[in-house]
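Sequence first, then the predicted structure:
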Amino acid sequence: MLNKLFPQKSGETPRAEDAGREASPPDSHVLELTTTTPKKSVMTETTTKNNLSNDVEIKGSIKFANEFVFDGKVEGEITSVDGVLTVGENADVRGEVKSKTVIVKGKVHGNITVQERCELHARSQLIGDLKATRLVIEEGATFVGKSEVTPNKSGLKDVAHPTPQPAQTPQQQPQKIGAPR
């Protein structure tokens with residue numbers, strides 16, 4: 001219901017449409033809105049997914065939380081502690097990428113370090129080194145660099161601190177077979 005209050009001049013009789021309402025102050029111009037339905041918060045359904053389209057170009061670093069889909073061009077670092085980064089088909093990333101999970105569909109020229117999973121989809125391109133717990137490379141992906149895949153945390157410990165093996169004495173060495181060189 002919409003009620004409009006019109007100012008009245010002194011000595012003027014109220015109009016028929018204003019009959020039954022309280023008189024407003026002489027100099028007020030107020031628009032009163034009355035709603036019969038309860039108001040809902042606009043922010044009740046917030047998404048945690050962030051998107052930057054292919055017409056975006058950034059020089060600098062990007063930090064994000066939750067989920068980030070990037071389809072533009074960036075020259076700099078992209079980092080997240082617990083996030084999922086999707087490098088879109090049109091994306092061109094030139095710099096370091098560090099995140100919990102990375103899905104590459106476009107181009108990355110730089111090193112990728114992920115805590116969990118890295119996916120290189122068909123037609124993706126990674127020129128740089130990769131460190132991950134799990135790695136998925138689809139047919140048609142291009143990967144030029146070194147990969148270090150450690151499937152579990154205990155594997156990380158063994159690589160960092162390998163247990164020394166006892167040295168073999170000449171009597172313990174296996175017998176060589178074949179012609180001497």
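Okay, I see it.

Only C-alpha atoms from now on, for both contacts and neighbour counts.
OK.

Pull up the pairing partners for the host helix or strand of Val108, direction included.
Using DSSP states H and E, Val108 maps to strand 107-109. Paired strands of strand 107-109, with direction, are strand 92-94 (parallel), strand 125-127 (parallel) (DSSP bridges).

so for it, what's the average pLDDT?
The average of the pLDDT scores along strand 107-109 is 98.

Just the residues contacting that strand, thanks.
87, 89-95, 124-128 (CA atoms under 8 Å, 6 or more residues apart in numbering).

With stretch 115-123 instead?
99-106, 126, 132-142.

buried set for it?
115-122 (16 or more other CA atoms under 10 Å).

Show me how the record splits the chain into domains.
1-37, 49-154 (automatic domain parsing).

And the helices in this protein, which stretches?
Secondary structure of the chain (DSSP state H): helices at 153-160.

Flag the shaky bits of it, pLDDT-wise.
1-47, 153-181 (pLDDT under 70).

wait, doesn't Val69 sit right on Leu85?
Yes - counting by CA atoms under 8 Å, Leu85 is a contact partner of Val69 at 6.0 Å.
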